[in-house]
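**Student:** sequence first, then the predicted structure:
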Amino acid sequence: MNRPPPPSALAAFARTAELGSFAAAARHLDLSAAAVGQAVSRLEEAFGVTLFNRTTRRMSLTADGRLLLARSRDLLDGLQELAHLFDEARGVVAGPLRISAPLGLGRRRVVALIAEFVAAHPAVDVTLDCSDAVRDFAGDPVDVAFRILRPSDSTVVARRLSRLSAITVAAPDYLARRGTPRRPAELARHDCIAYRHPATGALEPMTFRSGGRDETLTPRARFVVNDVEAACEAAALGLGVAQPPSDYVAPYLRARRLVRLLARQTATPWTLWLCHAGGRRLPHRVRAFVELARARLGRDRLLL
């Protein structure tokens, strides 16, 4: 190949890989589907490879396509940064913003935060990755991350935002069958639903505040999950007692699918951290989002 591919062809390829079709990529790029398809075909001819497996119903990346996508991502991100270089110099909040958040928190808190943010800064394009997996700032395309566990990486800046209360719950029919525990120690006679944190692989103990301090216990787990929403649903279906963060369980309590237990011994075992990469000047869009998140969720308030 004599000349490198034009950035527009790489952009058409990357958007097709992300959205799964020429038509979807064309709508996003404001081009025709034929133009996107031709751009990808030119890339394939130039490199002498096939980038997509094509069928009448779907498209998927080949091994060569996955390699090109991985290698071109930094280049495309750099070009996108260049497009907003002078916006940054003028103090304009613009460009791509990539946010990572745990599943439940992303749905209930972060989406609303993003809606407020983009209303104030329409030149920012936001990508939200909702997952309980911990994203790596070095290896994943993330600008800002909300995390329940404080990062151990010294290159990551972590700001404490809020505390999350833990609420012990069970379904009314479970309590009718097994009785209602009045003290944490009585949970030893109950079926419990445990949460295994994807980042650590460890089972989260149940936490209770007693005598001004938090105490933990690890009761027998009949059912183990790695998703807090699944723990709530399992408890609502009568599989046992669970202790999810309050932000996740609130809809179940309102619908009376779950009943709160041991209300006088509620603890706050989790802290919500707002994280971003350190060691460099943050783009205006990242700084603006961090400031909004701290204003709305910060001051170490208690999320109930």
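**Tutor:** Arrived safely, thanks for sending. Residues are numbered from 1 along each chain as shown.
**Student:** domain map for this structure?
**Tutor:** Structural domains annotated on the chain: 7-83, 87-163+271-303, 168-265, as defined by automatic domain parsing.
**Student:** could the ones you listed go into JSON lines alongside mean neighbour count and mean pLDDT?
**Tutor:** Bear in mind the C-beta positions are built from the backbone N, C-alpha and C, glycine included. Output for these, formatted as JSON lines (neighbours: other C-beta atoms under 10 Å; pLDDT from 0 to 100):
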{"stretch": "domain 7-83", "mean neighbour count": "16", "mean pLDDT": "81"}
{"stretch": "domain 87-163+271-303", "mean neighbour count": "17", "mean pLDDT": "82"}
{"stretch": "domain 168-265", "mean neighbour count": "17", "mean pLDDT": "89"}
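**Student:** how close does residue 116 get to residue 293?
**Tutor:** Distance of residue 116 to residue 293, computed by C-beta to C-beta, to the nearest Å: 10 Å.
**Student:** and if you look at residue 106?
**Tutor:** Residue 106 is 12 Å from residue 293, by C-beta to C-beta.
**Student:** mind listing the strands for the chain?
**Tutor:** 52-54, 59-61, 95-101, 124-130, 144-147, 156-166, 168-170, 192-195, 206-210, 213-217, 221-225, 259-261, 267-277, 301-303 (DSSP state E).
**Student:** adding distance to residue 233, write the ones you listed out as TSV.
**Tutor:** As requested, the strands of the chain are arranged in TSV below (distance: least, C-beta to C-beta, whole Å):
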stretch	distance to residue 233
strand 52-54	36
strand 59-61	31
strand 95-101	20
strand 124-130	17
strand 144-147	22
strand 156-166	18
strand 168-170	12
strand 192-195	10
strand 206-210	18
strand 213-217	23
strand 221-225	9
strand 259-261	15
strand 267-277	20
strand 301-303	21
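**Student:** can you show me the helices along this protein?
**Tutor:** 7-19, 22-29, 33-47, 63-83, 85-89, 103-105, 111-120, 172-178, 228-236, 246-254, 284-297 (DSSP state H).
**Student:** tell me which of those helices lies nearest to residue 135.
**Tutor:** helix 103-105 (13.0 Å; C-beta to C-beta).
**Student:** which other helices and strands contact the closest one?
**Tutor:** Applying 3 or more C-beta pairs under 8 Å, 6 or more residues apart in numbering; DSSP states H and E, we find helix 103-105 packed against helix 228-236, helix 246-254.
**Student:** next, the angle from the last one to helix 228-236.
**Tutor:** Comparing the axes of helix 246-254 and helix 228-236 via axes from the mean of the first three to the mean of the last three C-alpha atoms, to 10 degrees yields an angle of 30 degrees.
**Student:** no further questions, thank you.
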